[in-house]
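Visitor: Pasting the sequence and the predicted model now:
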Amino acid sequence: MKKKTRIIEKKVLKNYLTHSPSKLGIENISFRKKYFKSRERLFFDCLKLPKKMFYKTDLLDFGCGTGEHDVCYAKWGANLTLIDMNSVSTSQVKKYFKFFKLNKNLKKIITNSIFKFKSKKKFDIVISDGVLHHTEDPKRGFDIMLSHLKPGGYCILEVAFDTSHFQRSLHRFILDYLTNGDLKKIEIYANKLFFETINRAHRFGGRSKKQIIYDFYTNPKHKGINLSDLLSWFKKHNLKHYSSYPSIEPEGFINNLNAETFAESLNKNKLISLFQSMHFIVASQDYSKNFSNYLSEAKKTSSSWKTFLKKTKLDDYEFKNKVNLDLTTKLFNQFTKNSLNLLQKRNNHFEMKIKKFNEEFLQLIKALKTKNLGLIRNKILKFSYLFKGYNGVPSNYIVGYKEK
Ligand SMILES: C[S@@+](CC[C@H](N)C(=O)[O-])C[C@H]1O[C@@H](n2cnc3c(N)ncnc32)[C@H](O)[C@@H]1O
């Protein structure tokens, strides 16, 4: 292991020993129910990995933390090999497995660096959730993990993309600029400037505010990974994009059934994912809220399409109709006009968001120059997009299938 990797690892561990980044209260039944449900939704619905796929499989979790996720995988029937460098976390894992009577599924638990992981065993599924971006050398970590994946197996990753986590990196940049890396001050300033983000993560993720601050802000390492680079790592290991959430597939990806699949296109040109990456930078609210901005145009477009088909009978064309070319033209023009309005409204909205985001970024830099905390805080409070809602995408999951 390289010296810098070792140094960072020690610093990250020291930070996590103060406040665990992953411990959740799954001993509590009502929390547990919700938590397991959300994990099921992520894996079964969003990532299209059915429960059955985990049954009796050998699964390796690289950086398992306190093991809440592993309890789910064990409940779905997986046999687990777990590794984490934090002994407090691995002790917690053992407690959970005893508590949930899942010891038979826990094949091995190792307290060590992922960079020192060695095993003759190959796994059906390898998972690393929220770990690689907290290391100095994510690619090396990925290489080690992938060298233990069987052909025909799946790699499930959660990493911070440099786009998705841009706003969080900017938080760290601001905190460092204002505090010169003083950890005590970082905690105070983070609570003052980024309380909206912290409260939101606390509300939705179930972690305490301290845990969030120690994971996001005092953590010595938070490396944004470039999606194109990650896709090259995939290619090197013969991994095909299987699924992702949020999806990296651009809207409107349509190919002939005999032409390339999305994964094949992506393998040839990684930049296809750039459109989604642009959304990842500025993401702030649920899609349904964005959609409500152009719902009336969507309704008009949908209804003019139906009218066009009905009046021209093109929805179910049978012969011996009185074809009316003028009416057909008029109705198709109406539909096109409505479609263009809809697209324009949607594109304008996204374009406006990017422009506004840029304006707010410039205002932020100006405020930072004053080093006046009150002024910076007031400025941030007035923003509409920057540091609002999601603050980019909090978690990107991407799954690869290793071809046989
Ligand atoms: C944010 S937590 C995520 C834990 C767990 N995967 C989860 O999703 O709940 C990051 C974990 O990575 C572990 N970690 C970070 N760098 C590591 C390394 N080099 N070797 C082993 N574990 C590491 C930390 O100890 C910590 O438990």
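Guide: Received it, and whenever you're ready, just let me know what you need. None of these values were measured; they are calculated from a predicted model. Numbering: from 1, shown residues only.
Visitor: avg pLDDT for the longest strand along the chain?
Guide: Longest strand of the chain, by residue count under DSSP state E: strand 149-159. On average, the pLDDT along strand 149-159 is 98.
Visitor: can you give me the offset of the helix or strand just after that strand from its chain's centre?
Guide: Downstream of strand 149-159, the next assigned helix or strand under DSSP states H and E is helix 166-179. On the basis of C-alpha atoms, centre = their mean, to the nearest Å, helix 166-179 sits 20 Å off its chain's mean C-alpha point.
Visitor: so does helix 166-179 get close to the ligand?
Guide: No - using C-beta under 6 Å from any ligand atom, helix 166-179 stays clear of the ligand, with a minimum separation of 12.9 Å. The C-beta positions use only the backbone N, C-alpha and C, and glycine is treated the same way.
Visitor: low-confidence ranges in this protein?
Guide: Nowhere does the chain drop to pLDDT under 70.
Visitor: For it, identify the residue most remote from the centre.
Guide: Seen from the C-alpha centroid of the chain, the residue lying at the greatest distance (C-alpha atoms, centre = their mean) is K320, 54.8 Å away.
Visitor: Direction included, what does the longest strand of the chain pair up with?
Guide: Strand 149-159 pairs in its sheet with strand 123-129 (parallel), strand 396-402 (antiparallel), by DSSP bridges.
Visitor: Can you list the buried residues in the first one?
Guide: Buried residues in strand 123-129, counted by 16 or more other C-beta atoms under 10 Å: 123-129.
Visitor: touching the ligand at all, the longest strand of the chain?
Guide: No - shown here: strand 149-159 not in contact with the ligand (C-beta under 6 Å from any ligand atom), separated by at least 6.8 Å.
Visitor: thinking again about what came up before, three-state assignment of the residue farthest from the centre of the chain?
Guide: coil (DSSP: H, G, I helix; E, B strand; the rest coil).
Visitor: who touches the helix or strand harbouring F97?
Guide: Using DSSP H and E, F97 maps to helix 87-99. For helix 87-99, the surrounding residues in contact (C-beta atoms under 8 Å, 6 or more residues apart in numbering) are 16-17, 20, 22-23, 26-27, 64-68, 70-71, 74, 82, 84, 102-103, 105-106, 109-111.
Visitor: need the contact list for the one residue in the stretch 251-400 of the chain that gets nearest to the ligand.
Guide: Residue of the stretch 251-400 of the chain nearest the ligand, by C-beta to the nearest ligand atom: S395 (9.2 Å). Contact partners of S395, counting by C-beta under 8 Å, 6+ apart, are 130, 158.
Visitor: Could you chop the chain up by domain?
Guide: Domains of the chain are assigned by automatic domain parsing as 3-165+222-282+394-402, 287-382.
Visitor: deepest of these, which one?
Guide: domain 3-165+222-282+394-402 (a mean of 18; mean count of other C-beta atoms under 10 Å).
Visitor: what separates it from the chain centre, distance-wise?
Guide: 11 Å.
Visitor: got it, and stretch 217-224?
Guide: Stretch 217-224 sits 16 Å away from the centroid of its parent chain (C-alpha atoms, centre = their mean).
Visitor: related to what we said a few turns ago, which members of the buried residues of strand 123-129 additionally contact the ligand?
Guide: Applying C-beta under 6 Å from any ligand atom to those, one finds that D129 fall near the ligand.
Visitor: and the residue of the stretch 201-350 of the chain nearest the ligand?
Guide: D215 (5.5 Å).
Visitor: what helix or strand does that residue sit in?
Guide: Assigned by DSSP H and E, D215 belongs to helix 209-216.
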